[in-house]
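Undergrad: with the sequence up front, the predicted model follows.
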Amino acid sequence: MDTIKLDIKERLQLSFQLKILEKLYPEEEEYYANHRKAIEDGYELHYSWIAENISEGLSTEECKEVLDILDMYMAMYISFLALKNPQKLSIDSIIFPGFDGNNETMRMLYTKYFIEDLNRFEEIQKLTKGEYNSHTEMIPTYKNMLEKWNQFPFEESHSLNEEQLLDLINTRGY
């Protein structure tokens, strides 16, 4: 995280807020008091320590990309359930692998937030059992899959036949 610069008014406001937090959370009083002292005394190096639990976040485009990926996997799931007698696929074939916890951490955390905290894509949560860490980088794979999936007309993209599902799954390359 970059060095944080605060003017005197911002430092004063933050000092007051930290003093309030000291009183609200006596079990964490020392933690807040130490941060308040750093703010009041102007120890710039420590300003960023206060924000150590604040992540860089995801852009709107990155969030939308995650949602497009989840929508694609939901469409794959719905399509699979509609197959009369799948010959080459099993339910395991269409389970959402997740994102790499080391290199795609924010996308993995956003997935968990969107599915579990906002109660969306319940089917994906059930299939994954709440495990969204693929342990391997997935963004390039998902981009290829989305490109192929977006070639289908919208109505068709949510009712894929077994061959179309296989084609989409094989785009993953594993």
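TA: Good, I have the coordinates.
Undergrad: mind listing what the most centrally placed residue in the chain touches?
TA: The geometric centre of the chain, computed from its C-alpha atoms, lies nearest to Y110 (Cα atoms, centre = their mean), at 2.0 Å. Contacts of Y110 were listed using Cβ atoms under 8 Å, 6 or more residues apart in numbering, and they are L58, E62, C63, V66. Heads up, the C-betas are built off the backbone N, CA and C, glycines and all.
Undergrad: redo that, cut-off 6 Å
TA: With Cβ atoms under 6 Å, 6 or more residues apart in numbering as the criterion, the residues that contact Y110 are L58, V66.
Undergrad: report pLDDT for it.
TA: The confidence metric pLDDT takes the value 97 at Y110.
Undergrad: and the gap between it and E104?
TA: Computed as Cβ to Cβ, to the nearest Å, the Y110 to E104 distance reads 10 Å.
Undergrad: do the same with E61
TA: The span separating E61 from E104 equals 15 Å under the rule Cβ to Cβ.
Undergrad: same question, G57
TA: Remark: distance between G57 and E104 (Cβ to Cβ) = 14 Å.
Undergrad: the more surrounded of E61 and E104?
TA: A direct count of neighbours by other Cβ atoms under 10 Å for E61 and E104 places E104 higher, at 23 against 8.
Undergrad: quick one: low-confidence parts of the chain?
TA: Counting by pLDDT under 70, the chain contains low-confidence ranges at 1-2, 173-174.
Undergrad: show me the domain layout of it.
TA: For the chain, the structural domains run 8-50, 60-170, going by automatic domain parsing.
Undergrad: so which of these has the densest surroundings on average?
TA: Using mean count of other Cβ atoms under 10 Å, the stretch among these with the greatest mean number of neighbours is domain 60-170 (a mean of 15).
Undergrad: can you measure across it, start residue to end residue?
TA: For domain 60-170, the separation between the terminal residues is 29 Å (Cα to Cα, to the nearest Å).
Undergrad: distance between it and the chain's centre?
TA: Taking the mean C-alpha point of domain 60-170 and that of its whole chain, the gap between them comes to 13 Å (Cα atoms, centre = their mean, to the nearest Å).
Undergrad: and the helix ranked longest in the chain, what other elements does it pack with?
TA: As far as residue count goes, and with DSSP state H defining each element, the longest helix of the chain is helix 60-82. Secondary structure elements in contact with helix 60-82, counted by 3 or more Cβ pairs under 6 Å, 6 or more residues apart in numbering; DSSP states H and E, are helix 105-112, helix 139-149.
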